[in-house]
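**Q** Quick one, fold the following:
(4 chains, ligands or ions: 5)
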Amino acid sequence: MATPVLDKADAAGRPEPGFADSPYITVTFRIRRFNPEVSAEAAWEDFQLEIDPKERVLDGLHKIKWDIDGTLTFRRSCAHGICGSDAMRINGKNRLACKTLIKDINPEKPITVEPIKGLTVLKDLVVDMEPFFQAYRDVMPFLVTKETNEPTRERLQSAEDRERFDDTTKCILCAACTSSCPVFWNDGQYFGPAAIVNAHRFIFDSRDEAGEQRLEILNDRDGVWRCRTTFNCTDACPRGIEVTKAIQEVKRALITRRY
Amino acid sequence: MKIHKYDTVIVGAGGAGMRAAIEATKRSRTAVLTKLYPTRSHTGAAQGGMAAALANVEEDNWEWHTFDTVKGGDYLVDQDAAEILAKEAIDAVLDLEKMGLPFNRTPNGTIDQRRFGGHSRNHGEAPVRRSCYAADRTGHMILQTLYQNCVKEGVEFFNEFYVLDQLVTEVDGVKKSAGVVAYELATGEIHIFQAKAVIYASGGTGKFFKVTSNAHTLTGDGQAAVYRRGLPLEDMEFFQFHPTGIWRMGILLTEGARGEGGILRNKDGERFMEKYAPVMKDLASRDVVSRSIYTEIREGRGCGPEGDHVYLDLTHLPPEQLDAKLPDITEFARTYLGIEPYTDPIPIQPTAHYAMGGIPTNVEGEVLSDNTTVVPGLYAAGEVACVSVHGANRLGTNSLLDINVFGRRAGIAAAEYAHKADFVELPENPEAFVVEQIERLRTSTGNERVATLRRELQETMDANVMVFRTEQTIKTAVEKIAELRERYRNVAIQDKGKRFNTDLLEAIELGNLLDLAEVMAVSALARKESRGGHYREDYPNRDDVNFMRHTMAYREVGADGSETVRLDYKPVVQTRYQPMERKY
Amino acid sequence: MPAGTLYRGREGMWSWVAHRVTGVLIFFFLFVHVLDTALVRVSPEDYDKVVATYKTPIVALLEYGLVAAILFHALNGLRVIAVDFWSQGPRYQKQMFWAVMGVWVVLMAGAVYPVLGHAARVLFGS
Amino acid sequence: MSTTETAASGVGPVEGAPVYGVDNPAPLIEAPRKRTKKSPKSTRGNFELAAWLFMRLSGIVLVVLVIGHLLIQLVLDGGVSKIGFAFVAGRWASPFWQVWDLLMLWLAMLHGANGLRTVINDYAERPNSRLWLKALLYTATVFTILLGTLVIFTFDPNIR
Ligand SMILES: Cc1cc2nc3c(=O)[nH]c(=O)nc-3n(C[C@H](O)[C@H](O)[C@H](O)COP(=O)(O)OP(=O)(O)OC[C@H]3O[C@@H](n4cnc5c(N)ncnc54)[C@H](O)[C@@H]3O)c2cc1C
Ligand code: HEM
Ligand code: SF4
Ligand code: F3S
Ligand code: FES
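**A** Residues are numbered from 1 along each chain as shown, chains lettered A, B, ... in the order given. Ligands and ions are numbered 1, 2, ... in the order given. Sure thing, here's the model as predicted:
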């Protein structure tokens, strides 16, 4: 015999912490559907599921896609919050479907699921990510150094200098922040918090030498100055990055550079 | 249908694909096709670190690293390749640092290193600090850094393009790679990429298991495409099962958790690893710990109402230590289990983790069509490939190394080949296979559902070819897979549209998984010994006389159209180290 | 807007919405206020006439609203400035928001008599 | 176990011949404005920075001026009930109040106008409407500031 399957009777384990007995409950998923091959309008559709409240919203979406309606379309990959594929608006807030447990979002009422805001909706929960990545690319998100001959050893960096930009290295480019930003919704021209976070990651890296250029880019009309400190980005970030704080640090760097 | 022409085409934008792209773009006109946005690749999930004998914190050298790799792989490792891996590791890490990777630092500013399972000083004397890391998100930082440099180099990406077929043309009796066929998710359009050189870097195939640390998208598309064209797959029976996956979900809890002092306990609270590995205890090698856990479970000492898991106990560790060293995994426990690791043990079970086998290549990343012959213009690197540096069992932190070292090598080799080679003529109707496949699925009136078949496949794989295998269980799996392959012909999908038809793609991915599962099971059945990740209860010992050799699996199509797996074998390259018993 | 598409932001977002709305309101009020004050230059009689119309209870109520808007905008403006220039500001923005609300409520309570007192006297006799 | 409330998989009721299909898709749900490769129309210079700083600095000064103004107008002297020509005349007799009100007028108008400029930038979708709205805003602002300044400086308490 291989991987064991035990009779439930003879497995009187000690009671589970957090796993008492997992009663399935009935949950309604209210999903914003849009399929240009069917209709020009988006509409709500309700699905009822039997689901363990400790499961993720992503599990619910999979249940729907796999067992009820295969046309439901969304992006996902890692299923544990590190790839950034499945940012969506769940009960009105941006979150990762794979990091949101049903029990944490009041399963008593229908759970609304919509695509993130401010980007073109392509189908159901899938949006066009190109403008988002374009803004990212526009801030020179890479290390720039002037050295001509390649060092044979690593560049040195003190632990404190490394710590300085630690927070913003966590970004997984999920767009939860940018698409939660009220400025971005109306004006997709704004670089958006994610691009600024990724610029911050290099501006404050002691090894980098293009901070000045990046600051100049963000001094743009559509740069950091458009941020109205609404903190939606910070609240939405699944990686717990203090996004607004990073933006403020960039603003202050711009000011101290000028005056 | 559109036809594109590039010197080099890279399939996959994970660590291996992007490392290759950085080199190839500098040298040739390169396109990277990827089914996910590059930063969504599963390389980002890796936590532990990347091995290199930098000797920043204590004495170390690449020779010791080579030994550990060979021993870790239960001597099935090709030692010439392992030597390259360990030697080039140092430059690979320095390269990444130059590209901007924010490694953790020592007090004097150099890259910090830490211990990891199986890495030792002086051929097994004592653990050594060899793993270079960036907090507990080394893979994430590698993926981001490589993507950043791709942006810098202006690498041309085709995002959400699924490569579904490899084009092979015979020129003067030699099979050459002509290009690939890709499916554009956004529009449903089929694209032919004619290329002088093609590099596969499409990652692993862990999704044929149910409990796995792998992403939903790791479905072995690359392996399947090449295999379908009559090229071999090497050592597919070797799959690594990581001991500590979150119960039922398979989300990985890094070895570091035990490195920090975490203890595995059964339902009686007993520290059972003391029985199985008196010296290394909870830090014994991955295959040993995984087997021990399942032995506990089988003997009725598993936890929970169904007795199907054990506990990873961190409660005796100070909360500050957990916060500082293991922030991500404590967060996983809180998010996914609602468990506070300060006070409660975490339910875990072994999880399918890494495919040691894959597309056979030489050390330049060139794909082989048999034991020695190279397929001109075809390359592979990363988890999709089998060089073989991991042999029967991969050491922790050696894979992030693998993707950088061999990703780079394949990128350079492919671009240089593309320089001197000419385009190979496309076969007639290059898109035929893909069109037929898609049309069949779209118009099928069958009554089988993708999700059902996939579930059954995953269940049978988990039950029969996971940590413990016997003749009988593997046979059960082979039969079940055959049945599922039969039923797969009758599979139907609901989404008949063109735009973002993920329903269709899941069906295609299932087809790939079924092909690869078959290869795996058939290869495992024939290997009547236990070695590394492949553990046969009916043959519990390693058998160097009969099985010190790589498995090479080929697809045979009979005159009646029936498909079978034909097995062949390839000798292992041994240079310095003679096989010894593997003890930790 | 179909139900549910409203973004459910938190303190930060709602305080910004309020800040923006009050800012725009104040601007338009200021515009009108300068115009009416300009009457002093033209004709004192007209000025007094216009101001007299301000002395009704309804306008007093509007005035109370205006004070509310200005006070909120001013206090929240200070919070925004703290978020901008104090390095710990972003971390404590929620607490600062509730502090702003607290101070605002107290001040508004304090403004009831001075602003609405006259109107009350007009309405109910003194 | 699982049921769907609405009918088929599609979206919304489809009546008559379907207008949209696999080969004839409906227009997508576009975002109001999108970033493109051409997007960053670089605006060199520090105007936005200066405007941003001005908002904070003027805000701080305005707290004193406006709250002071409110206190005096509405609270200390008995509120709106006794405002009249005489009251205004009395105050502007002093250069202190003249400067106070002048400063308040300028700062508040510039602060408010710049605030409104951002509001217009955010919500006016077409470049054209942005242009017109801003033109209107700037005219009104300049007009108001000039008028107010004129009134304060040329105020004549003996006009009666
Ligand atoms: C949870 C976890 C933790 C790990 N931790 C460590 C560690 O600490 N140290 C270590 O050394 N290793 C670790 N590993 C192993 C290591 O991370 C992986 O083996 C390695 O990252 C694989 O990289 P890759 O580039 O080959 O593939 P991936 O990163 O998986 O990339 C695959 C790419 O191929 C593309 N692709 C796939 N199919 C297609 C197709 N049909 N058409 C087009 N594109 C396609 C995908 O879009 C993706 O871009 C870990 C693995 C896991 C799962
Ligand atoms: C009383 C003291 C005041 C303070 C402390 C203050 C502070 C501020 C600050 C800091 C901002 C910038 C907000 C941001 O960038 O997110 C702002 C915006 C604004 N202010 Fe004021 N302000 C004051 C008075 C006024 C007055 C009198 C007016 C009207 C004339 C006004 C109108 C505006 C407008 C329209 C905005 C733009 C709002 C937005 O963009 O969301 N403010 N204020
Ligand atoms: S900053 Fe946070 S929310 Fe924004 S893209 Fe990065 S991870 Fe996502
Ligand atoms: S949501 Fe937007 S306004 Fe600023 S604080 Fe975040 S970027
Ligand atoms: S699926 Fe990867 S972040 Fe959710």
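**Q** which sections of the chain are below the confidence cut-off?
**A** Picking chain A for this. Residue ranges of chain A with pLDDT under 70: A:1-22, A:148-151, A:259.
**Q** let's do chain D instead
**A** Using pLDDT under 70, chain D drops low at D:1-18, D:38-44, D:75-82, D:157-160.
**Q** Can you name the residue of it nearest ligand 3?
**A** D:Arg35 (14.9 Å; Cβ to the nearest ligand atom). C-beta: built from backbone N, CA, C; applies to glycine.
**Q** Now the phi/psi pair for that residue, please.
**A** D:Arg35 adopts backbone torsions of phi -80, psi 130, taken as degrees, to the nearest 10.
**Q** Of all the residues in chain C, which one is nearest ligand 1?
**A** Nearest to ligand 1, among the residues of chain C, is C:Tyr7, at 30.7 Å (Cβ to the nearest ligand atom).
**Q** Helix, strand, or coil at that residue?
**A** coil (DSSP: H, G, I helix; E, B strand; the rest coil).
**Q** just to revisit the earlier point, can you count the residues close to the residue lying closest to the residue of chain D closest to ligand 3 once chain neighbours are set aside?
**A** Excluding its sequence neighbours, the residue lying closest to D:Arg35 (Cβ to Cβ, 6 or more residues apart in numbering or on different chains) is A:Pro131, at 4.0 Å. A:Pro131 has 25 neighbours, counted by other Cβ atoms under 10 Å in any protein chain shown.
**Q** where's A:Pro131 relative to B:Ile493, distance?
**A** According to Cβ to Cβ, to the nearest Å, A:Pro131 and B:Ile493 sit 31 Å apart.
**Q** Burial check on the residue of chain C closest to ligand 1, number of neighbours?
**A** Residues near C:Tyr7, counting by other Cβ under 10 Å: 19.
**Q** what's near enough to touch it?
**A** Contact analysis of C:Tyr7 by Cβ atoms under 8 Å, 6 or more residues apart in numbering or on different chains lists A:Arg89, A:Gly92, A:Lys93, A:Lys117, A:Ser180, A:Pro182, A:Trp185, A:Asn232, C:Met13.
**Q** in terms of contact, does the fifth one touch A:Gly92 like I think?
**A** Spelled out, it's A:Ser180. No: at 10.4 Å, A:Ser180 does not count as touching A:Gly92 under the criterion of Cβ atoms under 8 Å.
**Q** Those two: who's more crowded?
**A** A:Ser180 (32 against 13).
**Q** wait, what's in contact with the more buried one?
**A** A:Lys93, A:Asn94, A:Ile116, A:Lys117, A:Asn232, A:Cys233, A:Asp235, A:Ala236, C:Tyr7, C:Gly9.
**Q** Residue of the stretch 1-150 of chain A nearest chain C, please.
**A** Of all residues in the stretch 1-150 of chain A, A:Gly92 sits closest to chain C, at 3.3 Å by Cβ to the nearest Cβ.
**Q** surely that residue meets C:Arg10?
**A** No: if you go by Cβ under 8 Å, A:Gly92 and C:Arg10 don't touch, sitting 10.9 Å apart.
**Q** Backbone dihedrals for A:Gln107, both of them.
**A** Careful, residue A:107 is Pro; it's not Gln. Phi and psi for A:Pro107, reported as degrees, to the nearest 10, are phi -70, psi 0.
**Q** scratch that, B:Pro347
**A** Dihedral angles (degrees, to the nearest 10) for B:Pro347: phi -70, psi 130.
**Q** Just want to check the distance between the most centrally placed residue in chain C and C:Pro57.
**A** Geometric centre of chain C, nearest residue: C:Ala69, 1.3 Å, by Cα atoms, centre = their mean. Using Cβ to Cβ, C:Ala69 is found at 19 Å from C:Pro57.
**Q** Please work out which helix or strand belonging to chain C has the smallest mean pLDDT.
**A** Ranking every helix and strand in chain C by mean pLDDT, DSSP states H and E puts helix C:44-53 at the bottom, with a mean of 80.
**Q** buried set for whatever helix or strand B:Ala86 lives in?
**A** Assigned by DSSP states H and E, B:Ala86 belongs to helix B:79-99. Burial within helix B:79-99, assessed by neighbour count using 16 or more other Cβ atoms under 10 Å in any protein chain shown, is assigned to B:79-90, B:92-99.
**Q** Now do the SS call for B:Tyr379.
**A** strand.
**Q** Show the contacting residues for it.
**A** B:20, B:197-200, B:361, B:364-367, B:410, B:413-414.
**Q** try 7 Å this time
**A** Shown in contact with B:Tyr379 (Cβ atoms under 7 Å, 6 or more residues apart in numbering or on different chains): B:Ala197, B:Val198, B:Ile199, B:Gly365, B:Glu366, B:Val367, B:Ala410, B:Ala413, B:Ala414.
**Q** How about B:Val374?
**A** Here B:Val374 is in contact with B:Asn362, B:Glu366, B:Leu368 (Cβ under 7 Å, 6+ apart).
**Q** Over to the closest residue in space to A:Lys103 that isn't next to it in sequence. Which of the three states is it?
**A** With Cβ to Cβ, 6+ apart as the criterion, A:Lys103 has its nearest non-adjacent residue at 3.8 Å, and that residue is A:Pro53. Three-state call for A:Pro53 (three-state DSSP): coil.
**Q** A:Pro53 and A:Ile25 touch, don't they?
**A** Yes: between A:Pro53 and A:Ile25 there is a contact under Cβ atoms under 7 Å: 5.6 Å.
**Q** Between those two, which contacts overlap?
**A** Taking Cβ under 7 Å, 6+ apart as the contact rule, A:Pro53 and A:Ile25 both touch A:Pro107.
**Q** Now do the phi/psi pair for residue 101.
**A** The chain I'm using is chain A. Here is the backbone geometry of A:Leu101 (degrees, to the nearest 10): phi -80, psi 140.
**Q** switch to chain D, that's the one I care about
**A** phi -70, psi -30.
**Q** How about the contacts made by residue 25?
**A** As the question left the chain open, I've gone with chain A. Going by Cβ under 7 Å, 6+ apart, the list of residues near A:Ile25 reads A:Ile51, A:Pro53, A:Pro107.
**Q** Wait, chain D was what I had in mind.
**A** D:Pro25 neighbours (Cβ under 7 Å, 6+ apart): A:Pro36, A:Glu37, B:Arg499.
**Q** if we take those, which one ends up nearest to C:Asn76?
**A** A:Pro36 (42.1 Å; Cβ to Cβ).
**Q** Can you report how many residues neighbour that closest one?
**A** So A:Pro36, with other Cβ under 10 Å, has 23 neighbours.
**Q** and what of the one 4 residues further on?
**A** Using other Cβ under 10 Å, A:Ala40 has 16 neighbouring residues.
**Q** try C:Lys94
**A** Other residues lying near C:Lys94 total 14 when counted by other Cβ under 10 Å.
**Q** swap in the one 3 residues further on?
**A** C:Phe97 is surrounded by 20 other residues when neighbours are defined as other Cβ under 10 Å.
**Q** Where does it sit: helix, strand or coil?
**A** C:Phe97 ends up helix, using three-state DSSP.
**Q** wait, what's in contact with it?
**A** Counting by Cβ under 7 Å, 6+ apart, C:Phe97 has contacts C:Glu11, C:Ser15, C:Arg79.
**Q** Report the contact partners of the residue in chain C that chain A sits nearest to.
**A** Nearest residue of chain C to chain A: C:Gly12, at 2.7 Å (Cβ to the nearest Cβ). Neighbouring residues of C:Gly12 by Cβ under 7 Å, 6+ apart: A:Thr229, A:Thr230, A:Phe231, A:Asn232, C:Gln93.
**Q** Which pLDDT does the model give the closest residue to B:Thr315 other than its chain neighbours?
**A** Nearest non-adjacent residue to B:Thr315, counting by Cβ to Cβ, 6+ apart: B:Thr343, 5.9 Å away. Listed pLDDT for B:Thr343 reads 93.
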